[in-house]
Structures are given as C-alpha cells and as structure tokens.
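# Provided below for reference: sequence and predicted model.
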Amino acid sequence: MALLMAVPVQRLAASLLLAACAAAARAEAPSAGASLEYAVKANFLVRFVPFVTWPATAFVAANAPFVICIVGEDPFGSAIDEAARGRTIGPRAIVVRRTASVDAGCHLLYARKPAVLVPAPVAAALTVCDNRCEGARAMIRFAVRNGRVRFVIDPVAVQAGGLTISSKLLGLALPPEPGR
C-alpha cells in the first residue's frame, strides 16, 4: 500500500518541480526585479491552492474569485501575476492583489515580513511567509535548503485557521522544526 501511495506523491512532486522550473525559465531575467527564487515561490503559491480546502463561508459566491494577497513588500514583481494568469480552481479565477495590510477578502496571504502576520490573521486565509519569518505563526513557511526552495507546513496553525491541507501536499513538505 505504501508503495502505491509513493508513486502519486512522487508524480505530484515532479509536477510541482517541473512547473516551478518552467515558470522560472519563462521569466528569462525574472521580470520586474523578481529573482529566480521568488519566481519559484510565486509558482508554489499558485500551485498550493488546489491542495487546500477552504470552508464554503470563505467565498461570497460560488463563482467568486480566489484571491492571493501579497501583503506589504512585494518581492515577486510580475512573476506572481504570470504564475496566476489564466489559472482557475473550478469556477474560481485566481487573482493577485497587493495590499498594505491584512484584508478580509484574501484567501491566501503572503507576507515577506513577519510583523504583518503576527496579529490574528483573517479567518479562513492560508498564511504563507518567507524563510526569514521568525515569530510569525504562518501556516506555510518557505525554506531554502541546498539551493532549492522548499516549504514547511504548520499543521496546528492550519487547523486553527479552519483549513484542510491535502495529504499529498503534506507529504511534499519538509518536516516541521521542533519548537515552532
């Protein structure tokens, strides 16, 4: 049984890696100042969405867009817009918004600086921060290991936020660090 489950997880991992590399390669000299690292992170943000379940109350209508918010400093430039362009989750178009503070209309919140996420975030919003976000209670935290962008998922924060993350995505994450 474990062997049967390993193959789909490996395929998912390979798909995510190929998609991230393709997006990074498309961004020749990553657009608008976004580095290769942030082009890969932008692709991950968009690709996390299908593997997370939000409560129905998180959306105002059945076809309301899925909103990714970049809160505060935007390290992505146009890379995040390119990653989201034309993407949908069922009937929901994925849209990107830049905002100075946490917004109730966001479904995924990315903050480069932890101070943005320290206050209680909006309910039913997936919170993601950079690898330098000490002190923030983010649900997903990016980590660069051996020159590769990886991520750590905090299952306690996810559950507290009322979200559910697919076991497939959990299987791709680095193990949580003790004491976080």
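Structure received. Fair warning: this is a prediction, and the values are worked out from it, not measured in the lab.

# isn't residue 49 right next to residue 94, touching?
Yes: using C-beta atoms under 8 Å, residue 49 makes contact with residue 94 at a distance of 6.5 Å. For every residue, glycine as well, the C-beta is placed using N, CA and C.

# now do the shared contacts for the two.
Among the neighbours of residue 49, those also in contact with residue 94 (C-beta atoms under 8 Å, 6 or more residues apart in numbering) are 66, 68.

# next helix or strand past the helix or strand of the chain with the lowest mean pLDDT?
Taking mean pLDDT, DSSP states H and E as the measure, the helices and strands of the chain show their lowest mean at helix 2-26, namely a mean of 44. Per DSSP states H and E, the first helix or strand lying C-terminal to helix 2-26 is helix 36-48.

# who are the packing partners of that next one?
helix 2-26, helix 79-84, strand 108-111, strand 126-129, strand 140-145, strand 148-153 (3 or more C-beta pairs under 8 Å, 6 or more residues apart in numbering; DSSP states H and E).

# may I see the buried residues of it?
Neighbour counts using 16 or more other C-beta atoms under 10 Å place 37-48 of helix 36-48 among the buried residues.

# closest to residue 106 out of those residues?
Nearest to residue 106 among these is residue 45, at 12.0 Å by C-beta to C-beta.

# wait, what's in contact with that closest one?
68, 80, 83, 108, 110, 128.

# what of residue 91?
The contact partners of residue 91, taken as C-beta under 8 Å, 6+ apart, are 62-63.

# from now on call the first residue 583
Taking 583 as the first residue, the last one we looked at is residue 673.

# residue 751: what secondary structure?
The local conformation at residue 751, judged by DSSP: H, G, I helix; E, B strand; the rest coil, is helix.
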